[in-house]
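Trainee: sequence unknown, structure follows:
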């Protein structure tokens, strides 16, 4: 009989409480899927100032952290993940987490982030150990939780509670590693011998993710192709060699979609609902989107972008291509925020082509749903993409993705080549060269598809028939948990 796993799920953000990107969506959806599979999953995260008081919960333990130069004291609180019965623990410390933003302000992160998240990591281990519940495995996400596997295998190696408990470390984006100057090492609480090239030292700096890669029982990332890519010089961000040494312990598991929130048949944020068998509502959604962005309500295809605006997403290349794209009979709607220089460039494009390009520099959830529902195509020219969620949402809404063939984009979008068109399973347009010219060619292909209404309808329906629910990915995670437990 298969036993019900006890999983401690550690994250720095969780939708809808705190969200700066896809990690928060994963942290909200995967525990629910695990719970539905019968697992006893519990989530723990920092208690940021922005979390509303009704979600704060009750204190259950004191958290103590030895940070080398000092001892820090906080508290652990317990509540439930909003809308579920899943236990949620907060690690509370006013000095570290009672701040305006989770990681920093604007483009600048807090100077003591290494210390903050080493406190959080020790707070998790100290606080949970005081409960009556012991996990079978600790699932850590991204660099903010990277100290946990390090502490578990060093300071807590012989601990009566934590000894023998495995850790899974998930890399959501290897570009963000928790890399800090060497002098920050003294504030981590790590044992001195860990500052070596074998563990957390990297080119004279300290690298928290490197420590997790060294010590976690198993590793994974958020798509099969990205798991292969990060073991290469081009995509490994300096950690490819270390990842290759652990290739036998590294898996790629594709992220999923929470279809309760991303479903055009039930979406409350759009003006007309529709489904794969009746796409009539999509036209009304398109008109509403054009109106919302102040564009003429014409029959030109609408290309949508919902993204953080920074280098990884390749939107500077899209801006480079805009003069040529604007010569076509099309419209672009762009929703996102980020790099001020890129925002300025896109705003200038919108001023020059007011009937063809419109931008909104914000993170607006209802409007993001409206872009997915009202767009004809969805554009992601990413330099790299660990998984990507936006293209999965666009598939669900029958908004044909136009994506660079990399990482999770390559794993989830099938190009409209003759083979896939004949099979009836083509779901998008993919391109490889990282150039404005390649973007122009891909958009040109989309224009040709748009002109062929019969083929367009078939591709849209193929998109909407795709199933990227968390159920499948959840079962893969359970297998990986069991493998890690067996190896511990």
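Mentor: All right, it came through fine. Being a predicted model, the structure only gives us computed values, none of them experimental.
Trainee: quick one: low-confidence ranges for this structure?
Mentor: For the chain, the stretches flagged by pLDDT under 70 are 1-3.
Trainee: Domain ranges for it, per the record?
Mentor: Domain ranges of the chain: 6-256+470-487, 281-465, per automatic domain parsing.
Trainee: For the last one, what is the distance to the chain centroid?
Mentor: When you say that, I think you mean domain 281-465. Centroid displacement of domain 281-465 relative to its chain, using CA atoms, centre = their mean, to the nearest Å, is 19 Å.
Trainee: next one: stretch 48-55
Mentor: 22 Å.
Trainee: re the thing from before, go through the domains of the chain and name the closest to residue 263.
Mentor: domain 281-465 (6.6 Å; CB to CB). To be clear about C-beta, it is placed using only N, CA and C from the backbone, and glycine gets the same treatment.
Trainee: that older thread, need the domains of the chain in a markdown table with mean neighbour count and distance to residue 263, can you?
Mentor: Output for those, formatted as a markdown table (neighbours: other CB atoms under 10 Å; distance: least, CB to CB, whole Å):
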| stretch | mean neighbour count | distance to residue 263 |
| --- | --- | --- |
| domain 6-256+470-487 | 19 | 13 |
| domain 281-465 | 20 | 7 |
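Trainee: Pairing partners for residue 415 in the sheet, please.
Mentor: residue 428 (DSSP bridges).
Trainee: you'd agree residue 19 is up against residue 25?
Mentor: Yes: counting by CB atoms under 8 Å, residue 19 sits close enough to residue 25 to count as a contact (7.2 Å).
Trainee: Am I right that residue 394 falls within a helix?
Mentor: Yes: counting by DSSP: H, G, I helix; E, B strand; the rest coil, residue 394 falls inside a helix.
Trainee: got the contact list for the closest residue to residue 463 other than its chain neighbours?
Mentor: For residue 463, ignoring the flanking residues on the chain, the nearest one in space by CB to CB, 6 or more residues apart in numbering is residue 395 at 4.4 Å. Shown in contact with residue 395 (CB atoms under 8 Å, 6 or more residues apart in numbering): 401, 412, 413, 427, 428, 463, 464, 466, 468.
Trainee: what separates the fifth one from residue 240, distance-wise?
Mentor: It refers to residue 428. Note on residue 428: its distance to residue 240, by CB to CB, to the nearest Å, is 28 Å.
Trainee: hmm, who's touching the biggest helix by length in the chain?
Mentor: Longest helix in the chain by number of residues (criterion: DSSP state H): helix 470-487. For helix 470-487, contacts defined as CB under 8 Å, 6+ apart pick out 5, 7, 29-30, 32-34, 36-37, 39, 136-137, 139, 166-168, 217-218, 220, 251, 253-258.
Trainee: Provide the secondary structure category for residue 272.
Mentor: coil.
Trainee: Can you get me a residue count around it?
Mentor: 17 (other CB atoms under 10 Å).
Trainee: Same question for the one 4 residues further on.
Mentor: The number of residues packed around residue 276, counting by other CB under 10 Å, is 15.
Trainee: For it, which non-adjacent residue is spatially closest?
Mentor: residue 464 (4.0 Å).
Trainee: Go ahead and confirm the one you found touches residue 278.
Mentor: No: between residue 464 and residue 278 there is no contact under CB under 8 Å: 10.9 Å.
Trainee: just to revisit the earlier point, before we move on, what SS does the residue nearest to residue 276 have?
Mentor: Relying on three-state DSSP, one would call residue 464 helix.
Trainee: Enumerate every residue touching it.
Mentor: 275, 276, 395, 396, 397, 398.
Trainee: just these now: which is nearest residue 309?
Mentor: Nearest to residue 309 among the contacts of residue 464: residue 397, at 21.8 Å, using CB to CB.
Trainee: show me what contacts the closest one?
Mentor: 262, 264, 282, 372, 373, 375, 464.
Trainee: could you dump the residues you listed to JSON lines with distance to residue 421 and secondary structure?
Mentor: As requested, these are exported to JSON lines (distance: CB to CB, whole Å; DSSP: H, G, I helix; E, B strand; the rest coil):
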{"residue": "262", "distance to residue 421": "26", "secondary structure": "coil"}
{"residue": "264", "distance to residue 421": "24", "secondary structure": "coil"}
{"residue": "282", "distance to residue 421": "21", "secondary structure": "helix"}
{"residue": "372", "distance to residue 421": "24", "secondary structure": "helix"}
{"residue": "373", "distance to residue 421": "25", "secondary structure": "helix"}
{"residue": "375", "distance to residue 421": "21", "secondary structure": "coil"}
{"residue": "464", "distance to residue 421": "17", "secondary structure": "helix"}
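Trainee: Just name the closest of these to residue 295, please.
Mentor: For these, the residue nearest residue 295 by CB to CB is residue 375; the value is 11.7 Å.
Trainee: Go ahead and confirm that closest one touches residue 394.
Mentor: Yes: between residue 375 and residue 394 there is a contact at 7.4 Å, judged by CB under 8 Å.
Trainee: list the residues that contact both of these two?
Mentor: If you check residue 375 and residue 394 against CB under 8 Å, 6+ apart, the residues they both contact are residue 304.
Trainee: hey, where'd the helices end up in the stretch 151-300 of the chain?
Mentor: 208-215, 224-229, 240-245, 281-292 (DSSP state H, counting those that start in this stretch).
Trainee: residue contacts, residue 124?
Mentor: 8, 10, 44, 63, 89, 91, 145, 148.
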